[in-house]
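> turn this into a model:
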Amino acid sequence: MTDQPDPNQLSPEYGVSRDVFKSLQAALVDNDEDLVRYIINPLHPADVADIIEDLSSSERSHFIEIVRGTLDPEVLAQLEDNVREQVLEQFSAEELVAAIADLARPYEGAVAIQPSSFVHAMRLMDASGSQ
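Predicted coordinates for the structure are as follows:
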């Protein structure tokens, strides 16, 4: 017997359940923006990052378009590097600067943004011609 949870029966302390993930995918297919926001609103940024990583590329793009104005910047710090790069490409230079500034503010329990994310954001800004 192992202490590992069954991935199909995850409780909130272990992450997002498969049912919640499937509901989010269905909401994306139905373009139900309110339901997408409702599903992720109570989740921890690490759980939202896990969801983003598990979505297909097209689902991820659609998800980011829906939540881009309300996404907790800490989610960006929780993403795997390769996924973070894909997600960052969907944000404008101004949105990236605001997210980085928000992450740079120290607060209890905060996860510091990785320097590579900041460098990538700056490169995106340079490429877009923003300063």
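> hey, where'd the helices end up in the protein?
Per DSSP state H, the chain has helices spanning 18-29, 33-40, 45-54, 57-67, 74-78, 81-88, 93-104, 115-128. These are given in chain order.
> now mean neighbour count and mean pLDDT too, for those, in a markdown table please.
Backbone N, C-alpha and C define where each C-beta goes, glycine included. As requested, those are arranged in a markdown table below (neighbours: other Cβ atoms under 10 Å; pLDDT from 0 to 100):
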| stretch | mean neighbour count | mean pLDDT |
| --- | --- | --- |
| helix 18-29 | 16 | 95 |
| helix 33-40 | 16 | 95 |
| helix 45-54 | 19 | 95 |
| helix 57-67 | 16 | 95 |
| helix 74-78 | 22 | 90 |
| helix 81-88 | 16 | 92 |
| helix 93-104 | 16 | 77 |
| helix 115-128 | 14 | 61 |
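> please give me every residue in contact with the nearest residue to residue 33 once chain neighbours are set aside.
Using Cβ to Cβ, 6 or more residues apart in numbering and skipping residues adjacent in sequence, the residue nearest residue 33 is residue 66, 4.9 Å away. Applying Cβ atoms under 8 Å, 6 or more residues apart in numbering, one finds that residue 66 lies in contact with 28, 33, 36, 37.
> swap in residue 80?
Here residue 80 is in contact with residue 53 (Cβ under 8 Å, 6+ apart).
> cool, and the one 3 residues further on?
Going by Cβ under 8 Å, 6+ apart, residue 83 touches 52, 53, 60.
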